[in-house]
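**Q** I need the structure of the sequence given here:
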Amino acid sequence: MRCPFFSSRFQIIRPIAKIVLDWSSLARLFWTDRTGYQIIRRVIRDKLSYLRAIELAELYDSVRQVEATGYKGMIIEAGTALGGSALVMATAKRTSRPFFIYDAFERIPAPSERDGQDAHQRYQVITSGQSNGIGGEKYYGYKPNLLEQVTKSFIHYGFTPADHNIRLIQGLYEQTLQITTPVAMAHLDCDWHDSVMICLERIIPYLVKGGRVIIDDYLTWSGCRTAVDTYFANRKNEFAFVTHQRLHIIRR
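**A** Residues are numbered from 1 along each chain as shown. Take a look at the predicted model:
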């Protein structure tokens, strides 16, 4: 039998713990990497990412690690929404490293029969027009000309795409995600089973040794989890699976 006292206390402590973790990650960057600290604070202030500070810091650190180790290959983000996480990653990368950002730049496609009820219920909220945006803003999937808005954000932040080896690519992954060169790192934030599976099938064969794929929704959406588990079922010896704030899959 669940104790109401401890249950209610846990509900109070959990959000406080998240705040503490977020601020501790920012404090670490404040003292060790002021550039990282500033970009994350700015993205959060401008309401450009659904990710928490500690999650954005994890992305920033991962790109910095790619640059420090000298892994060759492009960086990919699949699913960028308002572009906040991509801006953090763009700040951490060398200008010369290609960064390809894929998104429908409109309302996300529907989940399939391979997704669970959780995804279908969430999609019903989105299609009903009742989905909330960040901090009371309009949900990004309801905004017209989202690609134009994200491009303007990059320019406003000092990352004119053509000058920083950045490409924003609009369309469904099955139509646009065509990889032919090495990949050093990929951040997959594409929610549903089929989108995640397409990304894995097309990115993983080009992932360099030591390169990593960060799965944003593995612990959030059942279809994403199923896609990852299915794809790697017979490949586990080739990769390390490390859980931080998100699941990191690293080629051995």
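**Q** L48 - how many residues pack around it?
**A** Using other C-beta atoms under 10 Å, L48 is surrounded by 25 other residues. Heads up, the C-betas are built off the backbone N, CA and C, glycines and all.
**Q** residues touching the closest residue to it other than its chain neighbours, list them.
**A** Excluding the flanking residues, the one nearest L48 by C-beta to C-beta, 6 or more residues apart in numbering is G84, at 3.2 Å. Residues near G84 by C-beta atoms under 8 Å, 6 or more residues apart in numbering: 43-44, 46, 48-51, 56.
**Q** give me that answer again for 6 Å
**A** The contact partners of G84, taken as C-beta atoms under 6 Å, 6 or more residues apart in numbering, are 43, 48-49.
**Q** Would you confirm that I101 belongs to a strand?
**A** Yes: remark: I101 belongs to a strand, assigned using DSSP: H, G, I helix; E, B strand; the rest coil.
**Q** Relative to T80, how far out is it?
**A** Separation of I101 from T80 (C-beta to C-beta, to the nearest Å): 5 Å.
**Q** which residues are common contacts for the two?
**A** A86.
**Q** Reduced to three states, what does A184 come out as?
**A** Quick answer, by three-state DSSP: A184 is strand.
**Q** Please verify my assumption that it contacts G73.
**A** Yes: A184 is within contact range of G73, at 3.7 Å (criterion: C-beta atoms under 6 Å).
**Q** what sits in contact with each of these two?
**A** Common neighbours of A184 and G73 (C-beta under 6 Å, 6+ apart) are V208.
**Q** how about the contacts of G84 in JSON lines, adding pLDDT, secondary structure and distance to Q117?
**A** Formatted as JSON lines, the contacts of G84 follow (pLDDT from 0 to 100; DSSP: H, G, I helix; E, B strand; the rest coil; distance: C-beta to C-beta, whole Å):
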{"residue": "V43", "pLDDT": "98", "secondary structure": "helix", "distance to Q117": "32"}
{"residue": "L48", "pLDDT": "97", "secondary structure": "coil", "distance to Q117": "30"}
{"residue": "S49", "pLDDT": "97", "secondary structure": "coil", "distance to Q117": "27"}
